[in-house]
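*Asks:* Structure of the sequence below:
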Amino acid sequence: MNFKLNIKSWMVVLVLLLPAAVSQAQPGESGARENHPRIYVSGVAAKDFARSVQKTKWKAEIIAKKKEEIDQYMERCAADPEWLVARLQMNWKTKHDKVYLRGGDFSHSEGEAPVPTVRFSGTRDWATDYMRPPLEEIAPYFDDERGMYLRHRETKEMEWVHPSKAGHIIEGINRNIMAIAEDAAFLYWYTGEEKYAALALPVYDTYMKGMYYRDAPVDLDSSKQQWVSGLATFEVIHEQIVISLSLIYDFMYQYLDENGHDRDISVAVFQKWGDQIIKNGIPDNNWNFFQARFLTFIALALDHNEYYDNAKGQQYYLDHTFELSTDRQIALKEAILNYDQQTGIWPESASYSMHVTETLLKILTVLDNATNDNELENFPVVEKATLASIQYLFPNGHIVAFGDSRHQPLPDETFEYLIANYRKYGKTVKEKEITALYQSLSDVEKRGKGLFELFFYVDELVETDEADAGELIARLTSPTFYAPNVSWFVQRMGAGPDATMVSTFGAFGNHAHANGIAIEVYANEQVLAPDMSKGPSYWHEDHRKYYARYPAHNTVVVDGISDSRAMRVSQPFSLDQHFPVSGDRNNIFDQVTFSKVSFVEPTTLANQQRLTAIVRNQSGKSYVLDVFRSERPDAESQIHDYFFHSLGQSLRFYGENEELIPSASATLNGPGFLPAYEYFSDEKSLTTPQDLKALFKLESVGNPNSLMKVWLKGGENREYFAVNGPKSNALNEATAPAEILDEKVPALVIRSHGEAWRDPFVAVLNPYMEGDSQVVSDVSITEDDRNGSAQILQITHENKVTSDKIVVTTTQNDIVDADDFYQKGLLSITRETGDELDFTFAAGVTRYSKKGWEILSVREPVTLSIERVERGFEIQNDGAVLIGVPVRFNPEYIELYADGKLIETRKGMKNRNDPGRIDFRLDDAFQKAVIVLKN
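*Replies:* The predicted model follows:
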């Protein structure tokens, strides 16, 4: 159903069907104007709602807590009736009606109104050195030409400061007070006791009159700030106080009119606010959704267009929310096209993407309360986006932290809104699935905390089985997943304590950083190699100089100057090759995942390439291969710095048999380098040509030590640094030990004096728990004699009898020809236990030959696996290929499968040039084929 029909059906509901929900509604007045409250509740009397609450423990607890809190303020106001209203941040004395800004800072106000007016926010930047005072410490009717009188966070001393140094303290105080009035208004409706309305009325009336007589701000610098400012805040997306105001108006509609408040003033303020939101904003990112949320509340508070001379009522603002786009507020029907319609991913960093989806669901939930027309079905991408967000999760249930994201769980609200919709419209199968998923990811014993939840969450969740959640998560995540609109690729391996994950990200979309090709690594049940996330604010020096810049990420910096813009970035990597196919959950070969991505660093035009792979060993645990190539073509001299941040209290270096002790140094930073280099401290360095190991050790009381051993390729031109960088703002108490949350993060920096393309950075990341399996016992790294850029690794497992030979080149056209081995292709991993083949994995290969095995692509390079199973060798291939099997294995025939069913059996052929080989031809890609051996 289109939106116009939705509005029409809603009008019918409001005008014809809804009974008056509050006892104070007067008969004889226009029904369409008396159907209040209507935003959170429609057609339900308070007594009926109360009966529902009595049956639902968590709802009763929320109301009891709110009543207890409001009663405390009522006691204060009993002694001093003006106690609460007097703490509003207003121009009490000056009554200024005009506000002037200097870009993102408050400059001054002037003029005079007939009543005290609402003070504008201090600055767009929320980071401040000063603390927001509790209401008890705020001087009543505070309005002083000296500015704000605030306590400094560090010194704890009280200081006079200009509002521009106070962050969001002014608006925060007003929001706090209005939230109290909002709860009081609800309790008035819920209990019918006028004492609650009496508490809210002066606060609401004073604020609304003060906004009625105050103009929108003017930027004296005529900067872009002019086009994003709200009426109370520097950004129209921060006008949260609008929700409290609209709910007070809704719950106390008749009381306001009967007790001295001119509702026409409220209408005028809501219209002015709505117009400001429509006029200002940023039209091509998350702002549309956050603005739309406020417009929806404004619209639902107002009556039909016909009641107002300017015709700006419900339909007007709902049309501008859903249907009509302006220069700076794109209608939701168009804004949702920014979702990747194939993947469901929103083009911003993960936490912002989730917030957009949750906000859209909230808007639809509120609207559906009025229309009862299943508004969710008009936006099918919302369900897709909600389910796609599961791909963001590390195995610990928290999301990845590329760009401005932090490690945090998925919003409970997203699940609750879907569950409520499914319950309302009888979609029991979907409800049970989402409930199972929700229960597996969140603490559902702590459901809800505010008014919205009281009205829109289901009373009780359906019973589910833990197995249902596990099956659903397995269905919604995949070994690899690629989201091109945010330049993000993820690899997963294993489960539980054995789970390993690598998140690879470029910089594309909004709220991205300048980070080149960066990674986060999850192992030992935590993100051991985290991103640093965002700084105190986007305008804060620490964010601009460090957190949003290359050295704060696990990436490579060229000549100390690699950089790009942050926030709105168009620096994606190219995903060249990967395995398995993104989103494919049906691979029979599950020992390896990998990706190769490439990138041109924008400042130096350096070529960069990163190949990462997760390889599982026989114990079920995994190690990670990281090969990073970087070169600045035609540069006479160049340096490349490989940054790897990992959790721990210590970082030590080891050679073949002993610990290598670095010396104190001060050479990491250099002339003209990024200011981010200045943020590193405790610098120590060493120079050695030999391969070495770096060991990060994380100690936590009551837990075994977590270690990240990094096996590193040496070289004549390499220098190794151990430094400490600023804390990671991605971490939280649920994802990292409390001991390190506010501590510096140790970082390994490898400096290549010269190109790092033919001689790339090669690291084997070997995470393990002290006292548990170490996965890897030894790593040797060599270069091919003829192809110097090819890297050959021999990785010996902890059991000392199993080893992996890994050959990595730069492209699928590279050749490695040495001893009894030939490869024309990008990557091969061959595992042997003793002399027995366990598996061969080859990617982007035209030809591979080893110990009598032969792989030849028929048309173009192929990716395939050959794994030893009980009956013979199981194969998975993505293109036509010839597979030559040594005769010594006695291959008898090959079985070909499609959709899990055997479709063909055929014999192999003796190779006429090599009698020791039997050849099997696969003329197409097969999810599964089995070369069966004779008994």
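*Asks:* CA atoms for contacts and neighbours, from now on please.
*Replies:* OK.
*Asks:* Mind telling me which residue is nearest the centre of this structure?
*Replies:* The centroid of the chain falls nearest to residue 350 when counting by C-alpha atoms, centre = their mean (2.2 Å).
*Asks:* Give me the three-state assignment for the closest residue to it other than its chain neighbours.
*Replies:* Of all residues not flanking residue 350 in the chain, residue 405 sits nearest, at 5.8 Å (C-alpha to C-alpha, 6 or more residues apart in numbering). What DSSP: H, G, I helix; E, B strand; the rest coil gives for residue 405 is coil.
*Asks:* The residue nearest to the centre of the chain and residue 393 touch, don't they?
*Replies:* No - applying C-alpha atoms under 8 Å, one finds residue 350 not in contact with residue 393, separated by 9.7 Å.
*Asks:* Quickly list what's touching both of these two.
*Replies:* In terms of C-alpha atoms under 8 Å, 6 or more residues apart in numbering, residue 350 and residue 393 are both contacted by the residues 399-400.
*Asks:* what about residue 338, neighbour count?
*Replies:* Applying other C-alpha atoms under 10 Å, we find 15 residues neighbouring residue 338.
*Asks:* Just to check, it is in contact with residue 344?
*Replies:* No - with contact defined as C-alpha under 8 Å, residue 338 does not count as touching residue 344 (9.6 Å).
*Asks:* tell me which element residue 128 falls in.
*Replies:* Using DSSP states H and E, residue 128 sits in no helix or strand.
*Asks:* Apart from its neighbours in sequence, what residue is nearest residue 186?
*Replies:* Residue 186's closest residue in space is residue 251 (C-alpha to C-alpha, 6+ apart), at 6.1 Å.
*Asks:* Count the neighbours of the one you found for me.
*Replies:* The burial count for residue 251: 29, using other C-alpha under 10 Å.
*Asks:* same question, the one 3 residues further on
*Replies:* Residue 254: 21 surrounding residues under other C-alpha under 10 Å.
*Asks:* pLDDT wise, what is it at?
*Replies:* At residue 254, the pLDDT value in this model is 95.
*Asks:* ditto for residue 605
*Replies:* pLDDT, read off for residue 605, is 97.
*Asks:* doesn't residue 632 make contact with it?
*Replies:* Yes - at 6.7 Å, residue 605 counts as touching residue 632 under the criterion of C-alpha under 8 Å.
*Asks:* Can you pick out the residue with more neighbours from these two?
*Replies:* Ranked by neighbour count (other C-alpha under 10 Å), residue 605 and residue 632 place residue 632 first, with 23 against 14.
*Asks:* if I pick the closest residue to the more buried one other than its chain neighbours, what's in contact with it?
*Replies:* Distances taken as C-alpha to C-alpha, 6+ apart put residue 606 closest to residue 632, at 4.2 Å, once the chain neighbours are dropped. Residue 606 sits next to 558, 600, 630-633 when contact means C-alpha under 8 Å, 6+ apart.
*Asks:* Give me the neighbour count for the residue nearest to residue 350.
*Replies:* Residue 405 - counted by other C-alpha under 10 Å - has 23 other residues nearby.
*Asks:* That one contacts residue 729, correct?
*Replies:* No - with contact defined as C-alpha under 8 Å, residue 405 does not count as touching residue 729 (9.2 Å).
*Asks:* Show me whatever sits in contact with both of these two.
*Replies:* 533-534.
*Asks:* Tell me the buried residues in stretch 378-389?
*Replies:* Residues of stretch 378-389 classed as buried by neighbour count (16 or more other C-alpha atoms under 10 Å): 379, 381-389.
*Asks:* Make TSV out of the residues you listed and add secondary structure and distance to residue 930.
*Replies:* Shown next, in TSV, are the buried residues of stretch 378-389 (DSSP: H, G, I helix; E, B strand; the rest coil; distance: C-alpha to C-alpha, whole Å):
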residue	secondary structure	distance to residue 930
379	coil	45
381	helix	40
382	helix	42
383	helix	39
384	helix	36
385	helix	38
386	helix	38
387	helix	35
388	helix	34
389	helix	36
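*Asks:* So which of these is the closest to residue 164?
*Replies:* Lowest distance from residue 164 to those (C-alpha to C-alpha) belongs to residue 389, with 37.4 Å.
*Asks:* Not counting residues beside it along the chain, what's closest to residue 831?
*Replies:* Closest to residue 831 by C-alpha to C-alpha, 6+ apart is residue 804, at 4.4 Å.
*Asks:* Residue 143 and residue 91 touch, don't they?
*Replies:* Yes - if you go by C-alpha under 8 Å, residue 143 and residue 91 touch, sitting 6.0 Å apart.
*Asks:* between the two, which one's more packed in?
*Replies:* Higher neighbour count among residue 143 and residue 91: residue 91, with 24 against 17, using other C-alpha under 10 Å.
*Asks:* Tell me the bridge partners for that one.
*Replies:* Here residue 91 sits in beta bridges with residue 117, going by DSSP bridges.
*Asks:* how about CSV for the buried residues of stretch 378-389, with pLDDT and distance to residue 770 added?
*Replies:* Converted to CSV, these look like this (pLDDT from 0 to 100; distance: C-alpha to C-alpha, whole Å):
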residue, pLDDT, distance to residue 770
379, 95, 50
381, 94, 45
382, 94, 44
383, 95, 42
384, 95, 41
385, 96, 39
386, 95, 38
387, 95, 36
388, 96, 35
389, 96, 33
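*Asks:* pLDDT below threshold where in the protein?
*Replies:* For the chain, applying pLDDT under 70 flags the ranges 1-34.
*Asks:* Now residue 788. Nearest residue, chain neighbours left out?
*Replies:* Using C-alpha to C-alpha, 6+ apart and skipping residues adjacent in sequence, the residue nearest residue 788 is residue 758, 6.1 Å away.
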